[in-house]
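Trainee: Below are the sequence and a predicted model for it; my questions follow.
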Amino acid sequence: MASELILVIDDSPTIIKVVELVLTKAGFKVQTTMDGETGVALAKQLKPDLVLLDFVMPKMNGYQVCKELSQDDELKSIPVVLMSAKGEQVGERFVKVMGIVDYITKPFSPEAITAVVTHALEKAKGDEEDPTAVPQAKAPGPQPEELQDDADREQQAWKEAMSKLRGSISRAVASSLIAAPELAGVAPDTQVLVENIKNTLTNSFLEGCIGELRTTIPDLMSGEVSLSGTLSVIPTGEVLTILASQKQAGILTMSKNAAKVDVFFKGGHVVMAAAAGISDEYLLGRYIIELELMTKEELDEFIAGLPPRSHLLGLQLVKSGRLQLEQVKTAMAKQTREICYELLTWRTGKFTFVSTRDLPAIAEEAGLDLSVDAILLEGFRRVDDWHLIEQEIDDFELVLLRNDDAINQVGRVRLVREELTVLELVNGRNTIRDIIRQSRMSSFDVTKLLYRLLSAKLIRKKVSPVAV
């Protein structure tokens, strides 16, 4: 077990929190600070074995901290690993200057930061990595065909249950409406009324209601309710951390208004997430198109040919032979991560965790095995970015205009593909919500690109005329 002291200096509280969690779990002692000046003082006091240092910080940036350390005879031999964000000019030419032995680009995975720190310490000690380590093979599990059959049966049972629920509610509501004094003498067609109500009660709406019910009354859930509460008291990140650290297996259900999300856990890792009642940007089809597994036209044609109220698009694509299982799982992994990132932004809502080893077959088949630490690291980075973005973009109904003179001066060839895609949708009529929908990208990605274009003055906000 490692016991070296790592001093982490970063002005982001969320990065500090997650890096401390990751390195502590790896066995390191960790001291943190959000200020370069305080970091230098702590280094003089504690004499850490390694400094993990942010590249851009107020007051003292990474290089200034390194310079201070390199000018102190007692500190100049301490190895420094520099952390930088994408786009910052950090590379091999900066390594081995002023104590910098390595660098890592944000966002990084928990495995990456642990590996970089471990390797830097080993280099400092002159040790060599052990080349004899052999990864352990995973134990064989059920065959995909068996899991798919189970998933088919479960899905069919769920569809039948939802159909019965929809029918029962529709008939009850229709009867009440027909008997209402306000409708006396109107004599509406009962069957038409029932069908209209059924069409209103979509699966997404009903699943959101069920999720709210399950989190409000945990005793209704099968299995052992191990944890429940409100997100205003215990934030999403804390809930995920608890389940991961205890290597829990079961279903975490979170609900807010009509939105409901199920996150399936096995051995403390996320194996799948499913959502109802949240934005269409989290539908699996978006990620299939984004990963260029199918074109939008091909996917729309496939969906149009499915029976009414079909579910589990991924399973349908595999069964039809349109996509391989691994391709669908790649899209599902991206979808699951994005859903979890969205949960980290929830400030209100309820949660319930049911401990069970018997996950639904579709979750077992997905078996994504995603690290909670990695989800938190990227998710918290996004939360930090959101705080910055919201200072400029606090309303999705904003309309933006292109600054064609500035665009021509910069040159379109200097813009990346995603920037050009968003820029084309800025036309003085589309709201930010329209741009998100038409681009088929996430709201986070679109607003981040728009923030970048606003900062470069390539676009500007459309100002409504003021009445005088």
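Mentor: Ah, there it is.
Trainee: strand partners of the helix or strand harbouring Leu52, parallel vs antiparallel please.
Mentor: Element membership of Leu52 [criterion: DSSP states H and E] is strand 50-54. Strand 50-54 sits in its sheet next to strand 5-9 (parallel), strand 80-85 (parallel), going by DSSP bridges.
Trainee: Now do the buried residues in the following helix or strand past that strand.
Mentor: Sequence-wise, the next helix or strand downstream of strand 50-54 (DSSP H and E) is helix 62-70. Neighbour-count burial for helix 62-70 flags 62-63, 65-66, 68-70 (criterion: 16 or more other C-beta atoms under 10 Å). Every C-beta, even on glycine, is put in place using the N, C-alpha and C of the backbone.
Trainee: of all the residues you listed, which comes closest to Ser455?
Mentor: Checking these against Ser455 by C-beta to C-beta gives Gly62 as the nearest, at 22.0 Å.
Trainee: tell me the contacts of the closest one?
Mentor: Each residue near Gly62 by C-beta atoms under 8 Å, 6 or more residues apart in numbering is listed here: 36, 53-56, 82-84.
Trainee: Skip the chain neighbours and tell me the closest residue to it.
Mentor: Nearest residue to Gly62 in three dimensions, chain neighbours excluded: Phe55, at 4.5 Å (C-beta to C-beta, 6 or more residues apart in numbering).
Trainee: Would you mind measuring from that neighbour to Ala26?
Mentor: Going from Phe55 to Ala26 by C-beta to C-beta, to the nearest Å gives 22 Å.
Trainee: Over to Asp384?
Mentor: Separation of Asp384 from Ala26 (C-beta to C-beta): 23 Å.
Trainee: Please say which of those two ends up with more neighbours.
Mentor: Ala26 (18 against 15; other C-beta atoms under 10 Å).
Trainee: what's the neighbour count on the closest residue to that one other than its chain neighbours?
Mentor: Residue nearest to Ala26 in three dimensions, not counting chain neighbours: Thr114, with 4.8 Å by C-beta to C-beta, 6+ apart. When neighbours are defined as other C-beta under 10 Å, Thr114 has 20 of them.
Trainee: hang on, Thr114 in a helix?
Mentor: Yes: under DSSP: H, G, I helix; E, B strand; the rest coil, Thr114 falls within a helix.
Trainee: Would you pull up how far stretch 295-304 lies from the middle of the chain?
Mentor: 25 Å (C-alpha atoms, centre = their mean, to the nearest Å).
Trainee: Show residues contacting it.
Mentor: Applying C-beta under 8 Å, 6+ apart, the external contacts of stretch 295-304 come out as 285, 288-289, 294, 313, 316-317, 320, 322, 440.
Trainee: now those: which count as buried?
Mentor: The neighbour-count test (16+ other C-beta under 10 Å) marks 285, 288-289, 294, 313, 316-317, 322, 440 as buried among the contacts of stretch 295-304.
Trainee: Which two of those residues have the greatest separation?
Mentor: By the measure C-beta to C-beta, Gln316 and Arg440 form the most distant pair in those, at 19.9 Å.
Trainee: show me where the chain has strands.
Mentor: Using DSSP state E, the strands of the chain run over 5-9, 29-33, 50-54, 80-85, 100-106, 224-230, 250-256, 259-266, 269-276, 350-355, 400-402, 459-461.
Trainee: With distance to Ile393 and mean neighbour count added, can I get these in a markdown table?
Mentor: Formatted as a markdown table, the strands of the chain follow (distance: least, C-beta to C-beta, whole Å; neighbours: other C-beta atoms under 10 Å):
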| stretch | distance to Ile393 | mean neighbour count |
| --- | --- | --- |
| strand 5-9 | 30 | 23 |
| strand 29-33 | 30 | 18 |
| strand 50-54 | 25 | 25 |
| strand 80-85 | 19 | 22 |
| strand 100-106 | 22 | 19 |
| strand 224-230 | 28 | 15 |
| strand 250-256 | 22 | 23 |
| strand 259-266 | 22 | 24 |
| strand 269-276 | 24 | 24 |
| strand 350-355 | 29 | 21 |
| strand 400-402 | 9 | 18 |
| strand 459-461 | 9 | 16 |
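Trainee: Quick check: which of these is nearest to Glu195?
Mentor: strand 269-276 (22.2 Å).
Trainee: Mind giving me the packing neighbours of that closest one?
Mentor: Secondary-structure packing of strand 269-276 (3 or more C-beta pairs under 8 Å, 6 or more residues apart in numbering; DSSP states H and E): helix 203-216, strand 259-266, helix 325-343, helix 361-366, helix 372-389.
Trainee: of all the ones you listed, which lies closest to Lys17?
Mentor: When the helices and strands packed on strand 269-276 are compared by C-beta to C-beta, helix 372-389 sits nearest Lys17, at 6.9 Å.
Trainee: ok, and what's touching the closest one?
Mentor: By C-beta under 8 Å, 6+ apart, helix 372-389 touches 12, 14-15, 17-19, 21-22, 25, 106-111, 237, 240-241, 243-244, 268-270, 337, 340-341, 344-345, 444, 447-448, 451.
Trainee: What subset of these is buried?
Mentor: Counted by 16+ other C-beta under 10 Å, the contacts of helix 372-389 give 12, 14-15, 17-19, 21-22, 106-110, 237, 240-241, 243-244, 268-270, 337, 340-341, 344, 444, 447-448, 451 as buried.
Trainee: Just give me the neighbour total for the spatially closest residue to Lys47 that is not a sequence neighbour.
Mentor: Spatial nearest neighbour of Lys47, excluding adjacent residues (C-beta to C-beta, 6+ apart): Glu74 at 6.9 Å. Counted with other C-beta under 10 Å, residues neighbouring Glu74 total 10.
Trainee: coming back round to it: and which of the buried residues of helix 62-70 is nearest to Phe264?
Mentor: Using C-beta to C-beta, the buried residues of helix 62-70 come closest to Phe264 at Gly62, 39.7 Å.
Trainee: is it true that Val328 touches Leu317?
Mentor: Yes: if you go by C-beta atoms under 8 Å, Val328 and Leu317 touch, sitting 6.0 Å apart.
Trainee: hey, what's in contact with both of the two?
Mentor: Contacts common to Val328 and Leu317, judged by C-beta under 8 Å, 6+ apart, are Ile288.
Trainee: and the residue most central in space within the chain, what is it in contact with?
Mentor: With distances taken as C-alpha atoms, centre = their mean, the residue of the chain nearest its centroid is Tyr341 (2.5 Å). Residues in contact with Tyr341, defined by C-beta under 8 Å, 6+ apart, are 375, 378-379, 382, 444.
Trainee: Retrieve the pLDDT associated with it.
Mentor: Looking at Tyr341, its pLDDT reads 92.
Trainee: Please apply the same query to Ser442.
Mentor: On the pLDDT scale, Ser442 gets 82.
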